[in-house]
Structures are given as C-alpha cells and as structure tokens.
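Participant: below are the sequence and a predicted model for it; my questions follow.
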Amino acid sequence: MQHQPSHSPIRCTLALVTCLLAAVSPALAAGPQSTPSIFAPASTPAYEIYRLALFALAVTGAIFVTVSGLLLYAIVKFKARKGDPLHEPPQIYGSTQVELAWTVIPIIIVLVLFLTTTRIIFALQNAPAPKSAIHVDVIGHQYWWEFRYPALGVVTANELHIPVSSAQDPQPTFLRLLSADVDHSFWVPQLAGKTDLIPNHPNQLWMDPQTPGLYLGQCAQFCGIEHAKMLIRVYVDTPQQFEAWVNNQKQPADDDASVAAGRHIFETEACMNCHTINGTAARGTVGPDLTHLMSRSTIAAGAALNTPQNLHAWIEDPANFKPGCLMPAMQLSDQQINQVVAYLTTLH
C-alpha cells in the first residue's frame, strides 16, 4: 500500500495564508478604496505594516494548527475505549525534553516577532527625508484638521493634497504631527500606520503613495463627542495636478463685487475672529482657513458635501451636523446667511 504524505502544520498554515491572500488580492489591485483598508497598501509604510501583519498571521497560524492538531491527536489516541481497565494508566512525572521544548520554542517565536517588528518600526521612523520631500505640518483640532505647507506658503484644512511618488521620481511626504488641544491620531490605513498627535510632543510619519487618487482616513484616538466625524481625505495628485493645486492655493481670495454684501457681513460679524481669508481683514486662527473653501469637496471635516445648501445649513446651525463642535450658531437672518453663502461660494 502506498504511503500517503501527512498534512504538516506548516503546510496547513501556508494554505491558510494563501487563502487569505487570494481573498484580499482584489483589494490589493484596486488602488484607492472607498472604504479604508489595511489590505490594500499603496505606500511603503503601509506595505511594510501589511507584510508584518501577514508574517505574524503565519506564525500564530502555525501555532494554532500545531496546538490544535496535538490536542485532537491526544483526544482521539487516548480516549477511553470499551474494555479498557478502570484504573489510571501509569503516571509519568517530568520530562526534560518536553519542558525544554515548551520553554525554548516560545522564546524563539517571541524573539523573532520582536526583532522583526522592531526592525520595521525603526526603519519607518528613522527614514531620512530626501531633498525632494514635501513637508506638511498637521495640526489636530476639535474636530478638524489643519494642514500647513511651510516651504510652499499654503494653508488648508481637512483635505490633504500630496504628490504621487515613484521609483524614478521619489517625492515622499513627511508629516509633522501637532495638537492644538487634546490627543488625536492620524490614520490613513492605505498610506501609513496610526500615529498620535499629542499636545507639546511633536510626532511624525511619512508616506510615498505610488497611485494617484483619493485615500480616506480617520482620527483614531477618541478626542471628544465628535471624534467619529473627524475624517481625513488625502488626495494623491499627479505632479501637474499638485503644482496646479499649490499655485491656486497661493492666490488671494477672489474679490467679486456682486457678493460684496456677503463679504461685508463676514468681515463685520464674528466670522472673521475665527477664520482667515487672505486678501481680507479676516485673520482668525481658531477655525479653518476659508481662502479657497470651494476647492474642497466637503465641509466640517468630511461631515457633509460642500454644497451651497449644506453651507447654509452649517452656518445656520453647526450643531445639526456636529453636536459639540466649537462653531456657534451665528444668529443671522435667512437673507444674511444667503448673502454669506453667495460670498463663500466664490472662494475657489
């Protein structure tokens, strides 16, 4: 009779990992995702984290299959059978070989996982920034994101624009993470690992996405009542798109005489105390910079689409979108709100 090869734990684990890769492979080929996913890395830091996760899964999977297999073998092999004597079998106390095995092998496994994780952490955290890198200061507020490009003279909010990076033209983006109030956490799963923003303790992360598109993220540290609506949108642009975006952001706000009434209300009410609009008297820093408000797809850190109707509703009652946000209801008449919205919609 021909001997049939047994299914070893290693083979079973490899089969498990192969099935997992087959399951997530459509996501890996999809590029930007409508739902954030760690299984579709699009940047070197995210890819390294993804590889580490698969390695840990393979190791822990092998442990699970081995222990479960031995347990099942013992249950079947040594279960009580009809006709067996009722007294206990001979008891064996102590086994140097077994004790060494269950001590040394776990130590080796933990050491391998520790060293692998440490290598990746230090490789990502200590990566040098090339001269071509883009530097952005990310400031977390309750409950929105401020993005400052010191070398480019650009300030925006909630929607981060960065250039695509390639092997031929590497242009990674390095983020310096700061907090204006409480702990926040910047996490775009497809681009980099979760990194906290801690008051008076700057952190940093970097990303080098290779595929243009929109990547979604989230504040991943509970920061207050509207933590769930502190969303992140990262637009990875082609070099031409990024250059055009930067040039547009450097321009002062449009001065359209047809909406002068709305601008007057904005500059004479409390709006100017919290917001900045370049080219006007508004120089507030409490809320987002609105100089190019209409270049953004959303308002309120992704809580709503950026449409005139939503702008009207937001100015009338911000708490309707984000209860607990720091922006107060402005107590303007419906006509005044319409005039302010008409002015804001010219800010491209």
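Facilitator: That came through fine.

Participant: CA only for contacts and neighbour counts going forward, please
Facilitator: OK.

Participant: identify each buried residue in stretch 218-233, please.
Facilitator: Residues 218-221, 223, 226-233 are the ones in stretch 218-233 that count as buried (16 or more other C-alpha atoms under 10 Å).

Participant: now those residues in a markdown table, with distance to Ala40, pLDDT and secondary structure?
Facilitator: Converted to a markdown table, those look like this (distance: C-alpha to C-alpha, whole Å; pLDDT from 0 to 100; DSSP: H, G, I helix; E, B strand; the rest coil):
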| residue | distance to Ala40 | pLDDT | secondary structure |
| --- | --- | --- | --- |
| Gln218 | 16 | 94 | strand |
| Cys219 | 19 | 96 | strand |
| Ala220 | 18 | 96 | coil |
| Gln221 | 22 | 95 | coil |
| Cys223 | 27 | 95 | coil |
| Glu226 | 28 | 93 | coil |
| His227 | 25 | 95 | helix |
| Ala228 | 22 | 93 | helix |
| Lys229 | 23 | 93 | helix |
| Met230 | 22 | 96 | coil |
| Leu231 | 19 | 96 | strand |
| Ile232 | 17 | 97 | strand |
| Arg233 | 16 | 96 | strand |
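
Participant: and the residues you listed, which two are furthest apart?
Facilitator: Taking every pair in those and measuring C-alpha to C-alpha, the maximum separation is 18.4 Å, between Cys223 and Arg233.

Participant: how about the strands of the stretch 201-348 of the chain, start to end?
Facilitator: In order along the chain, the stretch 201-348 of the chain carries the following strands (DSSP state E, counting those that start in this stretch): 203-207, 213-219, 231-237, 298-299, 304-305.

Participant: so what's Asp317 up against?
Facilitator: Pro328, Ala329, Met330 (C-alpha atoms under 8 Å, 6 or more residues apart in numbering).

Participant: can you tell me which one of those sits lowest on pLDDT?
Facilitator: Across those, no position has a lower pLDDT than Met330, which has 87.

Participant: tell me who's in contact with that one.
Facilitator: Residues near Met330 by C-alpha under 8 Å, 6+ apart: Ala270, Ile315, Glu316, Asp317.

Participant: helices along this protein, start to end?
Facilitator: 9-28, 44-77, 96-125, 239-249, 260-268, 271-274, 308-316, 334-344 (DSSP state H).

Participant: in TSV: these, plus distance to Pro323, mean pLDDT and mean neighbour count.
Facilitator: Formatted as TSV, the helices of the chain follow (distance: least, C-alpha to C-alpha, whole Å; pLDDT from 0 to 100; neighbours: other C-alpha atoms under 10 Å):
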stretch	distance to Pro323	mean pLDDT	mean neighbour count
helix 9-28	35	45	15
helix 44-77	33	95	16
helix 96-125	36	93	12
helix 239-249	30	96	15
helix 260-268	23	94	17
helix 271-274	18	92	18
helix 308-316	11	96	18
helix 334-344	20	96	19
